[in-house]
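*Asks:* I would like to see how this sequence folds:
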Amino acid sequence: MMVITVETNTEIRVKNDVIDELGHVNNSIYITYLEQARKEWYSLAGIPIHEMLKKSIGTVVLRLDIFFVKEAREGDILKIRTNPVRMGEKSFIFEQIIFNQAGEIITEATVTNVMFDLTERKSIPVIQEISRQFQSAMACYK
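*Replies:* The predicted structure follows:
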């Protein structure tokens, strides 16, 4: 299993169907982009979403804080950096930054996730696969 020591990067090309009447990516689409990047992080951490579902567990977003710095437009190639920053007993926090093809920050987000038992419909301790990645990443910062 791979240990993600700091971050993952997800790349997305902006398509026409996400452009709003103002000619840029609609704000609601960024949530989807961020979620896509977190799913990639889980896969690289060794616990893809489909594996979590087999175990009747998942993650839910408890809090999402987004700062829209600059617009993204059709054809832009966006890179989303997903970085684990903090972990509690049942929750964990990612910092996610979206860059455009020029390397400019266009969006910054902090996402608090809670580990969730899909059968009992309640929070549970963070699973080992995720916990191990966060501990490794946080050790790199010290």
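*Asks:* can you name the residues that contact the residue nearest the centre of the chain?
*Replies:* The chain has R38 as the residue nearest its centroid, 2.9 Å off, counting by CA atoms, centre = their mean. Residues near R38 by CB atoms under 8 Å, 6 or more residues apart in numbering: 59, 82, 94, 96, 111, 113. Every residue, glycine included, has its C-beta placed from N, CA and C.
*Asks:* which of the residues you listed lies closest to E120?
*Replies:* T59 (14.9 Å; CB to CB).
*Asks:* and the pLDDT for the residue lying farthest from the centre of the chain?
*Replies:* Residue farthest from the centre of the chain, counting by CA atoms, centre = their mean, is E21 at 26.8 Å. pLDDT for E21: 95.
*Asks:* grab the nearest non-local neighbour of N27.
*Replies:* F68 (6.6 Å; CB to CB, 6 or more residues apart in numbering).
*Asks:* since we're on that neighbour, how many residues are nearby?
*Replies:* 15 (other CB atoms under 10 Å).
*Asks:* residues contacting it?
*Replies:* Contacts for F68 (CB under 8 Å, 6+ apart) come out as 27, 30, 106-107.
*Asks:* list only buried entries from those.
*Replies:* Neighbour counting with 16 or more other CB atoms under 10 Å marks 30, 106-107 as buried within the contacts of F68.
*Asks:* longest helix in this protein, by residue count?
*Replies:* Longest helix in the chain by number of residues (criterion: DSSP state H): helix 27-44.
*Asks:* what comes up buried for that helix?
*Replies:* Result for helix 27-44 [16+ other CB under 10 Å]: buried residues 29-30, 33-34, 37-42, 44.
*Asks:* I124: which of the residues you listed is nearest?
*Replies:* Y42 (15.7 Å).
*Asks:* for E74, helix, strand, or coil?
*Replies:* Going by DSSP: H, G, I helix; E, B strand; the rest coil, the secondary structure assigned to E74 is coil.
*Asks:* show me what contacts it?
*Replies:* So E74 contacts 14-16, 19 (CB under 8 Å, 6+ apart).
*Asks:* show me what contacts I29?
*Replies:* Contacts of I29 by CB under 8 Å, 6+ apart are V18.
*Asks:* good, we can wrap up now.
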